[in-house]
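coordinates only, no sequence provided:
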């Protein structure tokens, strides 16, 4: 019986430490969150729900923590161990698309590109500008091209991290033979088994 009392006593100490840490580190619920929760659940502020949320649930959690305190200690140790380790690189991050020399098509002047990409919408839903609604992005790209760079068209087949193949094309700034920043105009998923140039 003494072991049971000792076990429960350690559980109460773990509970007290966990509760103290929670009180010190928790963030106060903002008015926005409180209003959003109240809008989602109009009965949230009823007395019975407040008693359940503010009394019954914490008591049940406390009893559970006292009963299985070794699990809580193990989880906390793992959490501290993971926090002190350097962050691993994100292996799932998709590699960044970059135009390569073999993707280049033809060298073009800005006027040629804008003439080629002029939008003519008979319904007037899209502005009659190069690239239509994307004209501000095109102008920002054009103004960011370094002096001495040439604009080229490009087309490339790209494989995403999920193994899906896409056709990507547009225009790229080329400086000293090296492709740099690009303006993407086409991003199209290719059907499986389709024949197109490899990336």
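Received, thanks. No experiment lies behind these values; they were computed from the predicted model shown.

can you give me the helices in the protein?
When assigned using DSSP state H, the helices of the chain occupy the ranges 2-25, 31-40, 47-51, 57-67, 69-84, 110-116, 135-144.

can you redo those as TSV with distance to residue 160 and mean pLDDT?
For the C-beta atoms, the positions are set from N, CA and C on the backbone; glycine is no exception. Converted to TSV, the helices of the chain look like this (distance: least, Cβ to Cβ, whole Å; pLDDT from 0 to 100):
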stretch	distance to residue 160	mean pLDDT
helix 2-25	39	82
helix 31-40	35	67
helix 47-51	46	72
helix 57-67	43	80
helix 69-84	29	82
helix 110-116	27	94
helix 135-144	22	92
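
ok, the closest residue to residue 106 other than its chain neighbours to residue 159 distance?
If you skip the residues right next to it in sequence, residue 106 has residue 153 as its closest partner in space, 5.5 Å away by Cβ to Cβ, 6 or more residues apart in numbering. Distance of residue 153 to residue 159, computed by Cβ to Cβ, to the nearest Å: 21 Å.

pretty sure the residue nearest to residue 106 contacts residue 112?
No: Residue 153 is beyond contact range of residue 112, at 9.7 Å (criterion: Cβ atoms under 8 Å).

okay, these two: which has more neighbours?
In this comparison of residue 153 against residue 112, neighbours counted by other Cβ atoms under 10 Å, the higher total goes to residue 153 at 18 against 13.

ok so, going back, among the helices of the chain, which comes closest to residue 129?
Nearest to residue 129, of all these, is helix 135-144, at 4.1 Å by Cβ to Cβ.

buried ones in stretch 156-171?
Taking 16 or more other Cβ atoms under 10 Å as the basis for neighbour counts, the residues of stretch 156-171 that come out buried are 156, 157, 158, 165, 166, 167, 168, 169, 170, 171.

thanks a lot, see you next time.
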